[in-house]
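# Pasted the sequence and its predicted model underneath.
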Amino acid sequence: MVHDTAGAVFDGFHEECGVVGVYGHPEAANLAYLALYSLQHRGQESAGITSSNGQTLLTHKGMGLVADIFDEKLIRRLKGPSAIGHNRYSTAGSTMLKNTQPLLAKYTLGSVAIAHNGNLVNAEELRVRLEAGGSIFQSTVDTEVILHLIAASQAGQPVDRIIDALSQVRGAYSLVFLSEDHMIAARDPYGFRPLVLGRIKHAGKTGYVVTSETCALDLIGAQYEREVQAGEIILFDAHGMTCYNPFPRAPSARCIFEHVYFARPDSTMFGQNVYHARKSFGRQLAREAPVEADVVIPVPDSGVPAALGYAEEARLPFEMGLIRNHYVGRTFIEPQSSIRHFGVKVKLNAQADILCGKRVIVVDDSIVRGTTCRKIVKMIRATGAREVHLRISAPPTIAPCFYGVDTPTRRELIASSHSVEEISRYVTADSLAYLSEEGMYAGLQVNGNGFCDACFTGRYPLALGSRPKGSQLSLFGEQG
Ligand code: AMP
């Protein structure tokens, strides 16, 4: 039997991505490659880099992991002092080479390549309009709409065309564009997805880096400067850096799920260190949902910082009761004779030496469908653990994301239709508790204003132009 581990848990309709842009460095493509390498957690299905040698754009893209797609020779071919890169996780159905980014187009003002993290909510409408006007689409990704809008714009300068195009799209976008002689970064007015700006020195000159997370800046030795502001557009060219704020202000809607699960713990996200945020979620959870127990264990890797925080607050020993195999690929071959807990054991193994006879608190960041979680609880019990108490360091995931995090349909989200007690019974835990919404924001020491928490509350800051199948939206404050 062949299992598809990557597609087993998630097969929603939106993609997750990492982006990078490097301007003014002789090894731009190499730095973009390293940045993508450090952003691998944001997307594992495909990756690509486009560089500019001043005259032409050069691109290499492929399916799979960054390290498998590029080698030294390929990177050397991507010559030039500027480059943009993208990696992507998408659903099985839309995983095709033609959908990988950067996407490229030629138009009257030259060439433009684009890398996008986020999801446009009016892409369908725009596509219908553009196709009626004669545009021919090459891919099925929403990002391509932006290229067609740029080509159709009557504005004189590339940056004005981009502003024109972006004034027509709604939704989440952290973008980098590359042309022969300039690079442009843009973040949507709500600031859903992250985008940071850094500087990198080379031979006495300063180059620029924009990327999804600060962990990418760390790897390539770039100095973090600031976030690209929500609604800001930055042009990098021979004159340096020029900032534009062309759009009306919108209420800030930074993605809280970046802090809960998505970002790397060593990144600074929206001004706060992710590791510390997750530890505080764990501490808060211990205060809100204590239980008599002998040991606290995380579901690695996502649950580790929260479990540390929980254990510290509860004054209980922290142990790695589940060990993760870091080399699990996309597929594996199961023997004919069935093995107990095989599917989950390939990735995680429960240590009987640590857990047998104990009352165990297991900490993870979220329950999506509940299927993995149920297997983990059963596997822990099979070690001889006396009790298994599940603690989740975020509120119940009740609603799908339409702004760039891959979640299944509402129907498939167990917490959208089941109570905490019902979920506890389903996953066969002795008890289950989630962090409260207030507790989550208390952990971040903010009041929750300025964040998008639609996945936990069902309150969407921006309405959808067209609804993905199976979704039932409850909307508030359609601003647009
Ligand atoms: P399940 O128990 O099957 O609902 O799976 C829950 C696990 O999925 C948790 O360990 C989460 O860390 C993980 N998870 C949550 N959101 C996502 C996501 N968007 N992509 C991949 N994994 C996720």
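Received, thanks.

# what about the residue nearest to residue 305 when sequence neighbours are not counted, which helix or strand?
Nearest residue to residue 305 in three dimensions, chain neighbours excluded: residue 278, at 3.6 Å (C-beta to C-beta, 6 or more residues apart in numbering). The way it works is simple: take the backbone N, C-alpha and C, and place the C-beta from them, glycine included. Take DSSP states H and E as the rule and residue 278 turns out to sit in helix 274-288.

# got a list of contacts for the next helix or strand after that helix?
Sequence-wise, the next helix or strand downstream of helix 274-288 (DSSP H and E) is strand 295-298. The contact list for strand 295-298, computed with C-beta atoms under 8 Å, 6 or more residues apart in numbering, reads 304, 306-308, 310-311, 314, 316-322, 354-355, 358-364, 380.

# Assign the residue in the stretch 201-350 of the chain positioned nearest to the ligand to helix, strand or coil.
Distances between the stretch 201-350 of the chain and the ligand by C-beta to the nearest ligand atom are smallest at residue 302, namely 3.8 Å. Following DSSP: H, G, I helix; E, B strand; the rest coil, residue 302 is assigned to coil.

# Quick check: pLDDT value at it.
Residue 302 is assigned 93 on the pLDDT scale.

# Excluding residues flanking it in the chain, which one is nearest it?
In this structure, residue 302 finds its nearest non-sequential neighbour in residue 365, 4.8 Å apart by C-beta to C-beta, 6+ apart.

# so that neighbour makes contact with residue 392?
Yes: counting by C-beta atoms under 8 Å, residue 365 does reach residue 392; the two are 6.9 Å apart.

# Settle it for me: which of these two has more neighbours?
For residue 365 versus residue 392, neighbours defined as other C-beta atoms under 10 Å are more numerous around residue 392 (28 against 25).

# Check which residues of stretch 344-364 are buried.
Applying a neighbour-count criterion of 16 or more other C-beta atoms under 10 Å, one finds 344, 346-350, 354-355, 358-364 buried in stretch 344-364.

# That one near the ligand at all?
Yes: counting by C-beta under 6 Å from any ligand atom, the ligand is contacted by stretch 344-364 at residue 364.

# Any idea how far that stretch is from the middle of the chain?
Mean-position distance between stretch 344-364 and its chain equals 28 Å (C-alpha atoms, centre = their mean, to the nearest Å).

# hmm, back to that, grab the two from the buried residues of stretch 344-364 that are most spread out in space.
Among those, the pair separated by the greatest distance (C-beta to C-beta) is 346 and 359, at 27.2 Å.

# In terms of helices and strands, where is residue 425?
helix 420-426.

# just how off-centre is that helix within its chain?
28 Å.

# tell me what it is packed against?
helix 414-417, strand 431-434 (3 or more C-beta pairs under 8 Å, 6 or more residues apart in numbering; DSSP states H and E).

# Let's see that with 6 Å instead.
strand 431-434 (3 or more C-beta pairs under 6 Å, 6 or more residues apart in numbering; DSSP states H and E).

# Alpha carbons of the strand it packs on, in CSV - could you do that?
The C-alpha coordinates for strand 431-434 follow below in CSV (Å, rounded to 0.1, in the frame of the first residue of the first chain):
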residue,chain,number,x,y,z
SER,A,431,-9.5,15.3,28.7
LEU,A,432,-9.2,18.0,26.0
ALA,A,433,-8.8,21.7,26.4
TYR,A,434,-8.1,24.5,24.0
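
# still on that earlier bit, just checking, which of the buried residues of stretch 344-364 belong to helices?
Filtering those for membership in helices, criterion DSSP state H, returns 344, 354, 355.

# With pLDDT added, can I get the residues you listed in TSV?
Formatted as TSV, these follow (pLDDT from 0 to 100):
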residue	pLDDT
344	88
354	98
355	98
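
# Looking at those residues, which is nearest residue 251?
Nearest to residue 251, judged by C-beta to C-beta, of those is residue 344 at 40.4 Å.
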